[in-house]
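K.L.:
take this sequence and fold it.
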Amino acid sequence: MGSVLYRDDRWVIEWKDATGRYRQKRTKCRTKAEARRMVEDLERQAERQRLGLEPLRAERQHVTFGELMDWWWERRGSKLRSPTVRGFLDKHLRPPLGHLPLQQVTADAFDKVLSDLDGELSPRSINHLRAFALGIFKLAARPGAGIWSGNNPISDVPRRKVPKRHPEYLRWEEVPAVLAELSEPWRWVVATAIYTGMRKGEVFGLERQDVDLDAGVIHLRRSWDSDTVKDGEEALLPIARGLRPHLEAALAAATKCPGRLLYPRPDGSMHRRDVAADDILRRAMGRAGVVTGYQHRCRRRGCGFNEERHTAEASRCPRCDFALWAKPLPRHVRFHDLRHTTATLLLKDGVPLAVVQRVMRHSDPALTAEIYGHLDLEDMRRGLDRLTFEDGPPSPTAPGPAPVLRVLEGGKKKAADPEENSSKISGLEWSGRQDLNLRPLGPEPSALPG
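P.N.:
Next comes the predicted model:
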């Protein structure tokens, strides 16, 4: 409630504005009743401004977009997981928009900024900029903020169309070859990611107490140093048979380091978020021959001969007859693509979509089907291969292959009946192929998914 007081021969009113601050004003009211009516009017106006039913006061409308970004960072942005968000926004949004009053940050102005970034950033990154700006204005328009009222200008900015590309992954025969080229503890780290589908932060956030070998489960509770994972829910992941030797070796090594982490740095601390996991993985892929080709360079200084070839066969420079050095060019598989490897190999082996969705911890099977829906290509191929007109019509009772995904009317995808694949998997277990084996880590050799 506002208040009225008489001071220096003037009626002074005090009320709480739309931002929650108490304000005072000397009035020209001649009576206390008149001053009381004025403070009641100002309180009603502040309430309407908090609800977005009335424009803000003029002095609040001169907030610039840069000041709004700083305010959003203090309230919300500093609590985000990614440490690169502020630098990303400051680099691309602050120079063109930071000095503008909020009224000038229109949908057209913001869309022009995004259009200028079309050649510099990918459509997905541009959509991220749009999403952050949309959230900034949305927070500023909340009741009590008192910074912005009216429609969100970013909501009228069109999203960029992101090309859908098939995720990269390691093939069945490539997994053991790559693991064999990794040294410890990176072999255990990569094996954990492949056998569980965990994200990088979840792998490096694991503690020794999270691994229960007796129960055969991993308690997934955190990502990096955060107390929660991406979706905010704890999860229990089964330990596959092939993963157990890696976890046993990792636990034995971790007990010699200080701290509680399963995969710590030598001093027991947690790896940095920018740890070069991608580079370590791709170097191992290059040694294992999981490459797109080889770059042959001349060893002679100043020659500059450089040629990409399909093989690493030794040869000599056609310019100076020096020996050429063949550098492997591994496929562009990131550490995060090990998660795609888990889902892809399971689906290609006939594991029901519902099981893969639980392993990936997707909120909806439709999301899993959208990401990995291209894998039903083999089912279509097998179906088309049955069109053998030379041998006559097929028998109506001939059994067909059990589909990974079924396509219904409208393009929707549905998981195959779990009973059709019950003999292939129980929980998260690999197919049991015996043609791919790891180098033994102990007295008993371990088998990888194959």
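K.L.:
CA only for contacts and neighbour counts going forward, please
P.N.:
Fine.
K.L.:
shaky segments in this protein?
P.N.:
The model of the chain has pLDDT under 70 over residues 19-20, 52, 54-61, 144, 146, 373-379, 391-450.
K.L.:
output the one helix or strand V359 maps to as PDB, nothing but the C-alphas.
P.N.:
V359 belongs to helix 353-360 when assigned by DSSP states H and E. The C-alpha coordinates for helix 353-360 follow below in PDB (Å, rounded to 0.1, in the frame of the first residue of the first chain):
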ATOM      1  CA  LEU A 353      12.700 -48.800 -30.700                       C
ATOM      2  CA  ALA A 354      11.200 -48.600 -27.300                       C
ATOM      3  CA  VAL A 355      14.300 -50.200 -25.700                       C
ATOM      4  CA  VAL A 356      16.600 -47.800 -27.600                       C
ATOM      5  CA  GLN A 357      14.500 -44.900 -26.500                       C
ATOM      6  CA  ARG A 358      15.000 -45.800 -22.900                       C
ATOM      7  CA  VAL A 359      18.700 -46.400 -23.300                       C
ATOM      8  CA  MET A 360      19.100 -42.900 -25.000                       C
END
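K.L.:
next SSE after it?
P.N.:
Downstream of helix 353-360, the next assigned helix or strand under DSSP H and E is helix 365-372.
K.L.:
how about that next one: buried residues?
P.N.:
Within helix 365-372, the residues that count as buried by 16 or more other CA atoms under 10 Å are P365, A366, T368, A369, I371, Y372.
K.L.:
give the full set of residues in contact with K327.
P.N.:
Counting by CA atoms under 8 Å, 6 or more residues apart in numbering, K327 touches Y294, Q295, H296, R297, A312.
K.L.:
between these, which sits nearest V211?
P.N.:
Nearest to V211 among these: Y294, at 40.5 Å, using CA to CA.
K.L.:
for the closest residue to V4 other than its chain neighbours, which three-state class applies?
P.N.:
Distances taken as CA to CA, 6 or more residues apart in numbering place I13 nearest to V4, at 4.6 Å, with adjacent residues excluded. Here I13 takes the strand state, with states given by DSSP: H, G, I helix; E, B strand; the rest coil.
K.L.:
for I13, name its beta-bridge partners.
P.N.:
V4, K25 (DSSP bridges).
K.L.:
so what's it up against?
P.N.:
So I13 contacts G2, S3, V4, L5, Q24, K25, R26, T27, A35, R36, V39 (CA under 8 Å, 6+ apart).
K.L.:
pretty sure the fourth one sits against W15.
P.N.:
No - L5 is beyond contact range of W15, at 11.8 Å (criterion: CA atoms under 8 Å).
K.L.:
of the two, who's got more company?
P.N.:
Neighbours of L5 and W15, each counted by other CA atoms under 10 Å, are more numerous for W15; the result is 20 against 13.
K.L.:
tell me how many other residues surround the residue lying closest to the more buried one once chain neighbours are set aside.
P.N.:
Spatially, and ignoring its direct neighbours in sequence, W15 is nearest to G2 (4.4 Å; CA to CA, 6+ apart). Around G2 there are 16 other residues, counting by other CA under 10 Å.
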